[in-house]
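Chemist: need a structure here:
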Amino acid sequence: MKKTFLFLSLILSVYFYSQDFSSINKILEKIEEKGKKMKDATNYDLKGKKFVLVEDFEDHGERHILEFNIDGSLTMIELIDDKSTGKSFSNIFTGDYIRKKNAISVRANFLEGKQIPIPLVYSLYLMNANDVWYLKDINNSKRWIENNNLIKKKK
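Modeler: Below you'll find the model as predicted:
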C-alpha cells in the first residue's frame with residue numbers, strides 16, 4: 001500500500017511540476033526575444049565618454065559622474081549636496097574597468113590618490129534606447145546616462 005501511494009505521488013508530482021516547467025520555458029523564451037532586440041555595443045568606444053547618475057534623497061542629493069579615460073583608467077566624481085545646510089561635498093575616485101562586449105565591470109579603489117580598503121565596484125551593462133547610450137547597473141537597475149545626451153537635451 002505504501003509503495004503504490006509513493007508511486008502515485010511521484011507520478012502526480014512529475015505531472016504538476018511539468019506544468020511549472022512549461023511556464024518557466026515561456027518566460028525564458030520571452031527573455032531570449034528581448035535579448036535579441038538589444039543592440040550589440042562592441043563597436044561603441046567608451047574611451048573619453050562620461051556617464052551621469054543623479055539621485056535625489058530626502059536630506060541630500062547625489063550626482064555621480066563616471067568618466068572612462070583614454071588610457072584605460074576611470075575617474076568617478078561623487079558630488080553630494082546637503083539640503084539642510086546648502087553645502088556641497090565631493091569625492092574623487094580613480095580605478096580601472098574591464099569590458100566584455102556590453103558588460104562592463106568597474107572598480108574604483110583610490111579615493112583622491114589614497115588606496116581605500118573596500119573599493120567601489122559596479123557591474124554595468126551598456127544599452128541603447130532611441131539613440132541614447134546609457135549604463136544600467138545590474139545589481140540595482142540604476143541608469144547612468146551618457147553626458148553628451150544630457151547636453152543635447154538642454155539646448
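
Chemist: what comes up buried for the strand or helix carrying L126?
Modeler: Assigned by DSSP states H and E, L126 belongs to strand 114-129. Using 16 or more other CB atoms under 10 Å as the test for burial, strand 114-129 gives L120, Y122, L124, L126. Using the backbone N, CA and C atoms, a C-beta is placed for each residue, glycine as well.

Chemist: a markdown table for these, including distance to N139 and pLDDT?
Modeler: Below are the buried residues of strand 114-129 laid out as a markdown table (distance: CB to CB, whole Å; pLDDT from 0 to 100):
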| residue | distance to N139 | pLDDT |
| --- | --- | --- |
| L120 | 12 | 88 |
| Y122 | 8 | 89 |
| L124 | 9 | 89 |
| L126 | 15 | 86 |
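
Chemist: Quick one: the residues you listed as TSV, columns for distance to H60 too.
Modeler: Shown next, in TSV, are these (distance: CB to CB, whole Å):
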residue	distance to H60
L120	18
Y122	20
L124	24
L126	29
